[in-house]
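Asks: have a look; sequence and predicted model below, questions after that.
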Amino acid sequence: MPTPQGPVAPPAGMARLVDAMDWTATPIGPPGHWPLALRLALDLMLASRFPMCVIWGEARVLLYNDGYAPILGPRHPAALGRPVEEAWPE
């Protein structure tokens with residue numbers, strides 16, 4: 001049974017921010033060195049409209065999707081790639 005295929009949507013805002021970010025300046029380093037588990041979690045999260053975040057590694061780096069950005073309010077987009085304790089100090 002054929003599946004309907006429509007146009008491919010351009011990446012949402014957070015996917016573009018993740019792609020454009022200089023990850024070498026963060027504790028998790030460049031995406032080419034990320035473990036498969038992180039890449040899969042990030043891909044799943046970015047594809048979802050449900051607010052989601054991933055807190056990764058010993059530094060507890062915050063990654064999140066478009067649905068989660070409004071939860072951060074004025075902390076967005078500076079919170080991306082920072083330790084969660086810095087993004088949410090309270």
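Replies: That came through fine.
Asks: contacts for the longest helix along the chain, please.
Replies: With DSSP state H setting the assignment, residue counts place helix 36-47 as the longest helix in the chain. Outside helix 36-47, the residues that touch it by C-beta atoms under 8 Å, 6 or more residues apart in numbering are 11-12, 14-15, 18, 28, 31, 34, 52-54, 56, 63-66. In short, each C-beta sits where N, CA and C put it, glycine included.
Asks: all helices of this structure, in order?
Replies: Using DSSP H, helices in the chain cover 13-20, 36-47, 69-72, 84-87.
Asks: dump the longest helix of the chain to CSV, restricted to CA.
Replies: Extracted C-alpha coordinates of helix 36-47, given in CSV (Å, rounded to 0.1, in the frame of the first residue of the first chain):
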residue,chain,number,x,y,z
LEU,A,36,24.5,7.4,19.3
ALA,A,37,22.1,7.5,22.3
LEU,A,38,22.3,11.3,22.5
ARG,A,39,21.9,11.7,18.7
LEU,A,40,18.8,9.4,18.7
ALA,A,41,17.3,11.2,21.7
LEU,A,42,17.9,14.6,20.1
ASP,A,43,16.4,13.5,16.8
LEU,A,44,13.3,12.1,18.5
MET,A,45,12.9,15.2,20.7
LEU,A,46,13.3,17.6,17.8
ALA,A,47,10.7,15.8,15.7
